[in-house]
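Student: need a 3D model of the following:
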Amino acid sequence: MRRGMTPEYKAEKLSRLREEPCSATHYEHTPTVVYGDFDPLLETRGYLSVCIRCAGAPLLGRAQGRWQVQCPCGAAGSLAKQDWRAVLDWNKSPRSAVDDYRTLPLFGLSNLPPDEARERLIGIRRDLELRSKEAGLRRDLGESVGQAYQQRLKAYLAWCIYAQGLVKMAA
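Tutor: Residues are numbered from 1 along each chain as shown. Modelled structure (predicted):
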């Protein structure tokens, strides 16, 4: 068995992982852990970007047992297991219009210039990555970790990555 697969190794990794969020450096580089009232599991559907081909409003629906964004003009996004993932995949695709990062419903970016938004998102992303890894290791070690909590972390992380792309384009 590879060392990375043993429960001992996972427990050791979890212990090291738990130290970073408590460090002064991490605290200084994490601007916030409060992302606003937006729930990425429940509200992402309302943030579909318009179709670049026809400027129409695409719709989210089920296709082949998965979620997919489709526009009346025929443009379609990729299939995804979660509705929020289908929306973000569409928004990041060349089929959708580019949004302004300042209009995103989370992370407090509305009044920040691109360089400040970029720095803010770097800290938030690192914190989300740490919390997601910690939750996965805790689950692997038999601790009770809610599936909705893990999905919410993944959705926030996906939104953060999307926001970073928008900030990069705006810079």
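Student: and residue 87, how many neighbours?
Tutor: By other C-beta atoms under 10 Å, the residues close to residue 87 number 29. Just so you know, the C-beta spots here come from the backbone N, C-alpha and C atoms, and that holds for glycine as well.
Student: please apply the same query to residue 57.
Tutor: 11.
Student: just checking, it touches residue 49?
Tutor: No: using C-beta atoms under 8 Å, residue 57 makes no contact with residue 49, being 9.5 Å away.
Student: mean pLDDT per helix and strand in the chain: which one sits at the bottom?
Tutor: helix 24-29 (a mean of 61; mean pLDDT, DSSP states H and E).
Student: assign residue 139 to helix, strand or coil.
Tutor: With DSSP: H, G, I helix; E, B strand; the rest coil as the basis, residue 139 sits in helix.
Student: show the contacting residues for it.
Tutor: 145, 150 (C-beta atoms under 8 Å, 6 or more residues apart in numbering).
Student: any idea how far residue 155 is from it?
Tutor: 17 Å (C-beta to C-beta, to the nearest Å).
Student: please apply the same query to residue 38.
Tutor: 10 Å.
Student: of those two, give the one with the bigger neighbour count.
Tutor: Ranked by neighbour count (other C-beta under 10 Å), residue 38 and residue 155 place residue 155 first, with 22 against 16.
Student: how close does that one get to residue 97?
Tutor: 22 Å.
Student: ditto for residue 107
Tutor: 20 Å.
Student: more neighbours: which of the two?
Tutor: A direct count of neighbours by other C-beta under 10 Å for residue 107 and residue 97 places residue 107 higher, at 24 against 11.
Student: check that one and give its pLDDT.
Tutor: pLDDT for residue 107: 94.
Student: most centrally placed residue in this protein?
Tutor: For the chain, the residue nearest the mean C-alpha position is residue 158 (1.9 Å; C-alpha atoms, centre = their mean).
Student: please, which helix or strand holds that residue?
Tutor: helix 147-170 (DSSP states H and E).
Student: all helices for this protein, in order.
Tutor: 7-19, 24-29, 83-92, 114-140, 147-170 (DSSP state H).
Student: could you list every helix and strand in contact with the last one?
Tutor: Meaning helix 147-170. helix 83-92, helix 114-140 (3 or more C-beta pairs under 8 Å, 6 or more residues apart in numbering; DSSP states H and E).
Student: can you point out the buried residues in that helix?
Tutor: 150, 152-160, 162-167 (16 or more other C-beta atoms under 10 Å).
Student: quick one: which of these is nearest residue 101?
Tutor: residue 166 (3.8 Å; C-beta to C-beta).
Student: so the closest one makes contact with residue 96?
Tutor: No: using C-beta under 8 Å, residue 166 is not in contact with residue 96; the gap is 11.6 Å.
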